[in-house]
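> Return atomic coordinates for the entry below.
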Amino acid sequence: MAAADTPSATTLRRRDLCSRGIRLARKMRSDVADLLDIYVERQGLDASVSVAAVEGVPAAAAEHWSEQTGTQRLLDNLAAYRAFRALLAQMLEEQREQLGDADAALGRALAAVLLQVSAFAYHLEELLELESRRPPGDDGDGPPAPPRLSLFEQKLRGLGVLRELAQWAVRSVRDLRQLARPGPGPSSAPGVAEGQ
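Below you'll find the predicted structure:
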C-alpha cells in the first residue's frame, strides 16, 4: 500500500474517538428516552405538552449544519453538553429537594444521565485536543441561574432540558460521523473557510 493511502496516526485516533463517541451518544440517547418516560410519569406531566426553548441551551437544530467546520461542530457540541451538565445537576438538586429519597429511581436515572453527559463533554475535549485545538475554558457556571420557578415551571423546564438533550444526542452522532469521514481534517468544510 502506498504511503499516501495509509491513514496517519492522528486520522486513526480521530476515527477511534469518533467511533467511541458515537457509541456513547447512542447510549445516552437511549437512556435519555427512558429517563423522559420516567420523568413524565413521576412528575405527572402529559408527554405531548409543548415546552418553550430552555434558556442557556443551544438548540440542536443548526440552520447551516452542512456548512459548519468540524471544529465548529465540536465546539457547539461541547458548549451544549457543558450547559446540560449544569442544568441536569440543577434538576437533580431540585428533584432531591422536592421528593427527597421518595423517588430514588428518578434520582438514579438523572444522576446516570448527568454522568454520561460529563463523560461525553470530556470526550469532546479529547477530540478538540487531538485537532490541536485547545477546548475553551469551562467556567463551571453553565447557563445563568433561572429566576425562581414554581414547581410546575421547574417540571416543564426539566422536560424541555431532557427533550433537547435527546435531540443533541442525535445531532452528536451525526456530527461525529461527519468528523470520522476520510478526507481533509475536521476543521475544513466544502466552500467554508475556517473562522466563518
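
> Going by secondary structure, residue 133 is in what exactly?
Using DSSP states H and E, residue 133 falls within no helix or strand.

> what's the nearest residue to it if we skip its chain neighbours?
In space, and not counting its chain neighbours, residue 133 is closest to residue 71: 5.7 Å by CB to CB, 6 or more residues apart in numbering. C-beta here means a position set from N, CA and C on the backbone, and glycine is covered the same way.

> so the one you found touches residue 130, yeah?
No: the criterion here is CB atoms under 8 Å, and residue 71 misses it with residue 130 at 11.1 Å.

> Tell me where the protein has helices.
Assigned by DSSP state H, the helices in the chain fall at 9-43, 70-99, 104-130, 151-180.

> and the residue nearest to residue 133, how many residues sit next to it?
Residues lying near residue 71 (other CB atoms under 10 Å) number 21.

> Now do stretch 60-67: distance to the chain's middle.
15 Å (CA atoms, centre = their mean, to the nearest Å).

> Show the end-to-end separation of that stretch, please.
Stretch 60-67 has an end-to-end distance of 15 Å (CA to CA, to the nearest Å).

> buried set for that stretch?
Going by neighbour count (16 or more other CB atoms under 10 Å), the buried part of stretch 60-67 is 60, 62, 65.

> which residues does the last one contact?
For residue 65, the contacting residues are residue 174, by CB atoms under 8 Å, 6 or more residues apart in numbering.

> change the start of the numbering to 52 and stick with it
All set: I'll call the first residue 52, so the last point we hit is now residue 116.

> So for it, what's the pLDDT?
Each residue has a pLDDT score; the one for residue 116 is 73.

> Contact partners for the closest residue to residue 88 other than its chain neighbours?
Once flanking residues are discounted, residue 88 sits nearest to residue 98: 8.0 Å by CB to CB, 6+ apart. Shown in contact with residue 98 (CB under 8 Å, 6+ apart): 87, 88, 91.

> Now for the second one, how many residues are close by?
When neighbours are defined as other CB under 10 Å, residue 88 has 12 of them.

> Equivalent analysis for the last one, please.
For residue 91, the neighbour count with other CB under 10 Å is 18.

> I figured it was touching residue 210, is that so?
Yes: using CB under 8 Å, residue 91 is in contact with residue 210, at 6.9 Å.
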